[in-house]
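Undergrad: Any chance you can model this:
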Amino acid sequence: MEAIFDSQGYVVGWLDTGVIYDKYGGACAFVTDGAVHDSSGAYFGQFDNRLFWDTDGLAVAFMAGARGGPLLPRPEVPPIPPSLSFPSEAPALPTPPANPTTGTRWSTRSWEAFLRG
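TA: You can find the predicted model right below:
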């Protein structure tokens, strides 16, 4: 399980085998072939080069080792990962929209807003 950091370097979630968990261990989204979506298949954005991108191609969050996006803050030392809830199975995902060109800017969307679509 790896920590997900926001644009300020704070832990906002966790990623484990294609499932995104909130800070408390609740399953809240999936990553399937680089597409970030919820259990109903609603598309939120992309996960590429260890960065989470919104539908406008702006960075929302990152993981250790991210490259090719905006200037990254120094991340906080992650806490001990929480106990995880068992997620529902990832749904079949319709073809996601074409990826926007990603850049070097941070989105104004928070991680929570990103996961609401």
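Undergrad: Find the residue at the geometric middle of the chain.
TA: Closest residue to the average C-alpha location of the chain: F52 at 4.6 Å, with Cα atoms, centre = their mean.
Undergrad: Where does it sit, in terms of helix or strand?
TA: Mapping F52 onto the secondary structure by DSSP states H and E places it in strand 51-53.
Undergrad: re earlier: ok, now which ones touch the residue nearest to the centre of the chain?
TA: I4, V36, G45, Q46, A59, V60, A61, F62, W111, F114 (Cβ atoms under 8 Å, 6 or more residues apart in numbering). Backbone N, C-alpha and C define where each C-beta goes, glycine included.
Undergrad: ok so, going back, each with direction, which strands does the strand holding F52 pair with?
TA: With DSSP bridges as the test, strand 51-53 is paired with strand 43-48 (antiparallel), strand 59-62 (antiparallel).
Undergrad: which one of those lies closest to Y10?
TA: Among these, the nearest to Y10 by Cβ to Cβ is strand 59-62 (9.7 Å).
Undergrad: Could you pull out the helices in the protein for me?
TA: Counting by DSSP state H, the chain has these helices, from start to end: 111-116.
Undergrad: Where does the prediction get shaky in it?
TA: Low-confidence segments of the chain (pLDDT under 70): 88, 90-91, 93-95.
Undergrad: how much space between the residue nearest to T104 when sequence neighbours are not counted and S110?
TA: Of all residues not flanking T104 in the chain, P70 sits nearest, at 4.9 Å (Cβ to Cβ, 6 or more residues apart in numbering). Going from P70 to S110 by Cβ to Cβ, to the nearest Å gives 15 Å.
Undergrad: So which of those two has more stuff around it?
TA: The neighbour comparison of P70 against S110 (other Cβ atoms under 10 Å) goes to P70, with 17 against 14.
Undergrad: List the contacts of the more buried one.
TA: S7, A59, G103, T104, R105, W106 are the contacts of P70 under Cβ under 8 Å, 6+ apart.
Undergrad: Any of those buried? List them.
TA: With burial judged by 16 or more other Cβ atoms under 10 Å, the buried subset of these is S7, A59, W106.
Undergrad: and of these, the nearest to S83?
TA: S7 (27.2 Å).
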